[in-house]
Every structure is written in structure tokens, then in C-alpha cells.
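[1] following is a predicted model, sequence given first.
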Amino acid sequence: MKRVKMSHHGKRIAVLSAVLLMVCSAVYLNWRYADGVDSAGKVLGQSTLVNAEEQTEAPAGDYFATARLTRQQARDSALALLEQAASEEGADESVLNEASESIQVMAAYTMTEAQIENLVTAKGYADCVAFMSDQSVSVVVAKGEEALTAADVAKITDIVINETGYGADQIKILESDQ
């Protein structure tokens, strides 16, 4: 059987594809984890409000720290792979450009998520974690003793729209007791 040798260009594309798959998987898992609650009948406006009392996956009190850590670890591993692909000797220009663009997109998501989290907590909510993708934003908010109202959802949605430019139909607001 003849053995086929992969070119440098092919290797780079394979590495970038693997990185892209990891990033997409991380975003999907974060979205799925945050969206793993039954939201039937809890729609306020065009944003979805979900009560996290039904969530059982996150340990009590640790949800926000765990979510941020998981998000950061997924991005760190993806960045390491992208940087490795970009630093390979003789890297093709298109591979370098694609790696650089992916790094910039991840950095922009990280900055935007942090900005959303800071602005939401500045409005008086106990804690918040945001998950951003190219198609949507999910924001999990710890309100405290009172459930989120339509006015709360509107405030948070307004923050996300201003920071991302996404429409209200691309934004999910989830409530957590954590």
C-alpha cells in the first residue's frame, strides 16, 4: 500500500480545521449547557427567560466561576493550536491569515463577553456570565431573591444589543439562583 505524504499546506488546514472544530464545540457545549433547561412558556418579548431552579448540572454556588473557567480553558486550547499553526516554519500565507483572523475573533468575543458581564453586574445583578458566538449571545444572570421581570430582561437585552449589534431574537437571557 502506497503511503501518501501530506503537504505543509494540508497539515495547516488540518490543524486549523481541528481548532475551528474545538472552538465550535466549546461554543456549542456552552450554549447547550446554558440552554439545557426547559423554557416552555417563559418567553418575555423576544428574549427567552429561563428559571435555573430546574438546572441540575452546575454545583451549587459554583456555576458562574465554573462557566467562566470552562469558557477560558476552551479558548486557551484553541488559541494554543492556532498559534502553533501560525508559527510553523514555512506557513502558507492563507493559513497565517486564517489563524490571525480566528485569534482576533476569539479576542473580540472575550472582550465583548467581559463588557456585557461588567455592564450587567453594574446594573445591580449579583453575577452574570455571557456566551457569545457568531449567531447568538446567551446571558445567564443571578438575580437573587426576586425573579427577573420583563423590565430586567429589557435592560439586559439593551446592554447586549448595544455591545454586539445583535437583534433581540439572537439574545437569550437565562436566570440562575446561583
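    Yes, it's here.

[2] which secondary structure elements does whichever strand or helix holds residue 67 sit against?
    In the assignment (DSSP states H and E), residue 67 maps to helix 63-87. On a contact count with 3 or more CB pairs under 8 Å, 6 or more residues apart in numbering; DSSP states H and E, helix 63-87 meets helix 8-34, helix 93-122, strand 127-132, strand 137-142. (C-beta placed from N, C-alpha, C; glycine too.)

[3] flag the shaky bits of this protein, pLDDT-wise.
    Counting by pLDDT under 70, the chain has low-confidence residues at 1-61, 178.

[4] if you set the cut-off to 90 instead, what comes out?
    Filtered on pLDDT under 90, the chain yields the residue ranges 1-64, 75, 78-103, 124, 126, 142-147, 176-178.

[5] surely residue 95 touches residue 85?
    Yes. Applying CB atoms under 8 Å, one finds residue 95 in contact with residue 85, separated by 6.3 Å.

[6] more neighbours: which of the two?
    residue 85 (22 against 19; other CB atoms under 10 Å).

[7] the more buried one contacts residue 99, correct?
    Yes. Between residue 85 and residue 99 there is a contact under CB under 8 Å: 5.2 Å.

[8] secondary structure class of residue 172, three-state.
    Classification of residue 172 by DSSP: H, G, I helix; E, B strand; the rest coil places it in strand.

[9] what number of residues lie near it?
    21.

[10] how much space separates it from residue 156?
    10 Å (CB to CB, to the nearest Å).

[11] likewise for residue 138?
    11 Å.

[12] just residue 142 next, same as before
    Applying CB to CB, the value for residue 142 to residue 156 is 12 Å.

[13] before we move on, what about residue 72?
    22 Å.
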